[in-house]
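*Asks:* Pasted the sequence and its predicted model underneath.
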Amino acid sequence: MIELGHYTLLASLLICSWGFVAGIIGGRNGSLAMQRSAVRSVHANFFLLLITSCSLSGLIFTDQFSVRYIASYSSRNLPFLYKLSVFWGGQEGSLLFWALSISMVSFIAVVFSKRHTPALVSYLSAFLLGIMAFFALLIFFTGNPFTLMDRQVLDGQGLNPLLQNWYMVIHPPTLFWGFAGLAVPFAFAMAALADNFRDKTWIQGAGNWALFSWIFLTIGITLGGRWAYEELGWGGYWAWDPVENASFLPWLTLTAFIHSIILWKQRGQLKLWSFILLVVSFELTIFGTFITRSGVLSSVHAFGNSSIGAFLMWFMILTGLFSLGWIFYRYRKFKPEARLESLASREAVFVLNNWILAIFTLAVFSGTVLPAVSEIVTGRKVSVDNSFYNQVSWPLGLTLLFITGICTILTWKKAYAREIRIPLGISLAAGLITCIISLLYGVREGISLAFYSVSAFVLAALVLKVFRKVVSVSRKEGINPAAAFLRTISLSNRLICSTLVHAGFVIVVVGIIGSSLYTREETFMVREGEVFQMEDYTLTFNGVKQDHDPIKDVVTAELEVIRNGSVIGLLEPQKHFHHNYEQPMTEIALYQTFFRDLYTILYGWDGEGNFSFRIIINPLVRFIWWGVALMSLAAAWRVLFLIFAKGR
Amino acid sequence: MLWKCVMKKSFARFIIVGGLILAGAGYLLFSSMNSSMVYYYTVDEVLQGSDDFSGRGVRINGWVKPGSVSLADDGRGVLFEAFNKDSGSSMQIKYSGIVPDTFKEDSEVVVEGLWDRDQQEFTASVLLAKCPSKYESRGDAHPEGLSTGKDSPAE
């Protein structure tokens, strides 16, 4: 199986190189044979990498510790589920998984490419294969997971316990599909350039795949946050760690692109800008890997130094220079077809949205690279702490939220006061009422007042827009409101999906504000049997129990939780001591309700029977998970609609 | 190319709006960055007091001195000494946040916070433990636990 893995990897490198050449030739001279060959190379490459991956998985599941990768990341006693995540638990495997993901999305992209001309598909295949050739090279020369050990070992070192978590089984693949998915719109854009924009359908392809990638990035980032929340045990879900930022950056630029491409489609504007956004988004996915693998920045996710950093940096520089240079060389192709008619138009708000997202990207990027840059420039490392990101995020986030509502109310081209008066008035009233209610309930912080009022404003604007659409359908077709609502859902997919995505965004914002401004935490030092009070929760410490299993020792503390006189549950925060690892692991215990989470940590103990607990109350955290679920489901609905209802 | 899509009539307005946004963004970025800067120093640099550290975020890289870690009296956080492996000098650190699982004696740590010269104590608001193993395992050493957990907890 080791040989199988090796040779399929080598075959993949050859096929990608050939397909790249064939695709370019096929696109240029229209040779059908070459075009077909390029598309088949994409098919073949996917199946080859699938075989490579199956051999690696097979080796992992059969405990072949003669392979260095498996000896370093797996062990005999590792549970079945986590052996799955050994595949992407280390650097070499995660690169292979990334390559597999790109080959998979490329395969799907060419299968669903019937609406495009063969020349465009040929170029598309070429650029995708070009990217995959780079990955094959990278795996082959810097991180081959099939490398053998130079000595015999009986058992592997095991997977880091922090990664032995359900979220770590699904978080990396989701994020990788998001990153891999971004290669497709990038390749579409480059293919359109090569094709001289003869086939206008590239824009649908790029738009759909941008949305696909966005869905997976959104879910992937959130799952990472969820993992941090439940596994890292510090009470939060986002720490502005360089690697978190690295996944957030392409999300920001991709979000900007999804909006700017609408302007291109609708009005023929922001063309050059959209292309630049796409190139930047693609480069940022590589940048994320560069950060984690090069050791340039210290981060909890760092894999340690390796030569891979130089490879990735050169790939970034070369593809970036090449694509940007090409775009500027052909800049005449990006001439806008229409002018911005008024600042009070949806177009203007889209431009503003893009600016803010670009500023946000710039801010997060500069904060992330500051330690590396300052060391080179001044000789002393300087970094920014989280207060930088928080200070930058709230004004930008608030503006973004506000213009979401404004954009919903405004019309294309030029909005006239008589058209927008009523929805604007009602939405503003909703915001004002929320502000007053919040004040009455004792909210005094300016930031949360602003955010909650604007959230209500946006939600009202969104609901009103759907409502007005339903009313107009009902009048026009003479049907009752319920039937008109169903008709709107089936006919105005874009309206419904975008409304739901933005409503999800508002819910996420509400959750973020609640959980970052109103978190309360307290540390208690107690002895067995002692009772302590955290706000309206009464906790009783019933002592600890110790368990042993072949891989770890577990210390479990029992906390009985009482609220309003009734027992609501037994929380069991733990500490795990894995035999293979020096670090103990903190396992938090969580009691979740609609509005807040009771988050308990077994902090430590001394030898005299004193136990230290940290209890945190996190309000509205669940809103984040729900909001993200709504955003991604609605976006997925849109993608599926575009693919299946509008034809491949 | 953006300027071409703007009507001449509204060009001035566009420039003003754009300029305001950029100026606001620039101000936001720089003011936030200035107030949240954290400077990297070594243990020795801080102890010698070659710079004025008062009221300014400092980030120190050092090693946790073996035997120096203790749970704070009130159970809130840990006290330990960070020392420089080359010169041997060490400084007292107080940290009351949540100790990361990777924190242990004789391992590399990064602390961020404020240095109190009179008390000769560093109050850390951020503690990052740089375990050399990171996401990779370190052989089969038996866990020592949180340094305070040498004794069995159940006794």
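*Replies:* Here it is on my side, so go on.
*Asks:* Show the pLDDT at residue 125.
*Replies:* I'll assume chain A. For A:S125, the pLDDT comes out at 97.
*Asks:* let's do chain B instead
*Replies:* Predicted confidence (pLDDT) for B:S125: 83.
*Asks:* how near is it to chain A?
*Replies:* Distance of B:S125 to chain A, given as C-beta to the nearest C-beta, to the nearest Å: 8 Å. Placement of C-beta: from N, CA and C, glycine included.
*Asks:* can you tell me which residues contact that residue?
*Replies:* Taking C-beta atoms under 8 Å, 6 or more residues apart in numbering or on different chains, we find B:S125 in contact with A:D385, B:G97, B:E112, B:G113, B:L114.
*Asks:* at 6 Å what do you get?
*Replies:* B:G113 (C-beta atoms under 6 Å, 6 or more residues apart in numbering or on different chains).
*Asks:* and it, helix, strand or coil?
*Replies:* Secondary structure, DSSP: H, G, I helix; E, B strand; the rest coil: B:S125 is strand.
*Asks:* can you count the residues close to A:G446?
*Replies:* 8 (other C-beta atoms under 10 Å in any protein chain shown).
*Asks:* Oops, could you answer that again for A:P79 instead?
*Replies:* The tally of other residues near A:P79 (other C-beta under 10 Å) stands at 10.
*Asks:* same deal with the one 3 residues further on?
*Replies:* A:Y82 is flanked by 21 other residues according to other C-beta under 10 Å.
*Asks:* Just the pLDDT for it.
*Replies:* 90.
*Asks:* Dig out what the residue positioned nearest the centre of chain B forms beta bridges with.
*Replies:* Nearest to the geometric centre of chain B sits B:E112, at 2.8 Å (C-alpha atoms, centre = their mean). B:E112 forms beta bridges with B:R59, B:V126, as assigned by DSSP bridges.
*Asks:* do you know how far it is from A:A503?
*Replies:* For B:E112, the distance to A:A503 equals 38 Å [C-beta to C-beta, to the nearest Å].
*Asks:* unless I'm mixing things up, the residue nearest to the centre of chain B is touching B:Y39, no?
*Replies:* No: under the criterion of C-beta atoms under 6 Å, B:E112 makes no contact with B:Y39, lying 9.8 Å away.
*Asks:* where in chain B is pLDDT low?
*Replies:* In the predicted model, chain B carries pLDDT under 70 at residues B:1-11, B:50-52, B:54-55, B:74-75, B:130-155.
*Asks:* swap in chain A?
*Replies:* Scanning chain A for pLDDT under 70 picks out the ranges A:292-306, A:646-648.
*Asks:* And B:V69, how far from A:A634?
*Replies:* Distance from B:V69 to A:A634, counting by C-beta to C-beta: 50 Å.
*Asks:* next one: A:T399
*Replies:* 23 Å.
*Asks:* now do A:V369
*Replies:* Distance of A:V369 to A:A634, given as C-beta to C-beta: 34 Å.
*Asks:* What residue in chain A comes nearest to chain B?
*Replies:* Chain A approaches chain B most closely through A:M525 (3.1 Å), counting by C-beta to the nearest C-beta.
*Asks:* how about stretch A:539-558, does it reach chain B?
*Replies:* Yes: using C-beta under 6 Å from any C-beta of the partner chain, we find that stretch A:539-558 touches chain B at A:V544, A:Q546, A:V555.
*Asks:* Neighbours of A:R527, how many?
*Replies:* A:R527 has 11 nearby residues by other C-beta under 10 Å.
*Asks:* isn't it right up against A:S612?
*Replies:* No: contact criterion C-beta under 6 Å: A:R527 and A:S612 do not qualify, at 11.0 Å.
*Asks:* Now the residue nearest the centre of chain A: closest residue in space that isn't a chain neighbour?
*Replies:* Among the residues of chain A, A:L217 comes closest to the average C-alpha position under C-alpha atoms, centre = their mean, at 2.5 Å. Excluding the flanking residues, the one nearest A:L217 by C-beta to C-beta, 6 or more residues apart in numbering or on different chains is A:G178, at 3.4 Å.
*Asks:* which residues sit in contact with the one you found?
*Replies:* A:S213, A:F216, A:L217, A:G220.
*Asks:* list the helices and strands the longest helix seen in chain B packs on?
*Replies:* Secondary structure of chain B per DSSP state H: the longest helix is helix B:11-35. With contacts defined as 3 or more C-beta pairs under 6 Å, 6 or more residues apart in numbering or on different chains; DSSP states H and E, the packing partners of helix B:11-35 are helix A:386-409.
*Asks:* Quickly note the distance from the closest residue to A:R330 other than its chain neighbours to A:W202.
*Replies:* Setting aside the residues directly before and after it, A:R330 is nearest to A:L193 in space (C-beta to C-beta, 6+ apart), at 6.2 Å. Distance of A:L193 to A:W202, given as C-beta to C-beta: 9 Å.
*Asks:* Settle it for me: which of the two has more neighbours?
*Replies:* Shown here are A:L193 and A:W202; by other C-beta under 10 Å, A:W202 has more neighbours (26 against 20).
*Asks:* dump the residue contacts of that one.
*Replies:* So A:W202 contacts A:L120, A:F188, A:A192 (C-beta under 6 Å, 6+ apart).
*Asks:* A:G19 versus the residue nearest to it when sequence neighbours are not counted, what's the distance?
*Replies:* Distances taken as C-beta to C-beta, 6+ apart put A:A192 closest to A:W202, at 4.0 Å, once the chain neighbours are dropped. Per C-beta to C-beta, A:A192 is found 19 Å from A:G19.
*Asks:* Which of those two has more residues huddled nearby?
*Replies:* A:G19 (30 against 24).
*Asks:* Now do the contacts for that one.
*Replies:* Contacts of A:G19 (C-beta under 6 Å, 6+ apart): A:A38, A:S41, A:L129.
*Asks:* export those residues to JSON lines and tack on secondary structure?
*Replies:* Formatted as JSON lines, the contacts of A:G19 follow (three-state DSSP):
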{"residue": "A:A38", "secondary structure": "helix"}
{"residue": "A:S41", "secondary structure": "helix"}
{"residue": "A:L129", "secondary structure": "helix"}
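*Asks:* about what we covered before: quickly run through the sheet partners of the one helix or strand the residue of chain A closest to chain B maps to, with directions.
*Replies:* Here A:M525, judged by DSSP states H and E, is contained in strand A:520-526. Applying DSSP bridges to the sheet, strand A:520-526 is found paired with strand A:611-619 (antiparallel).
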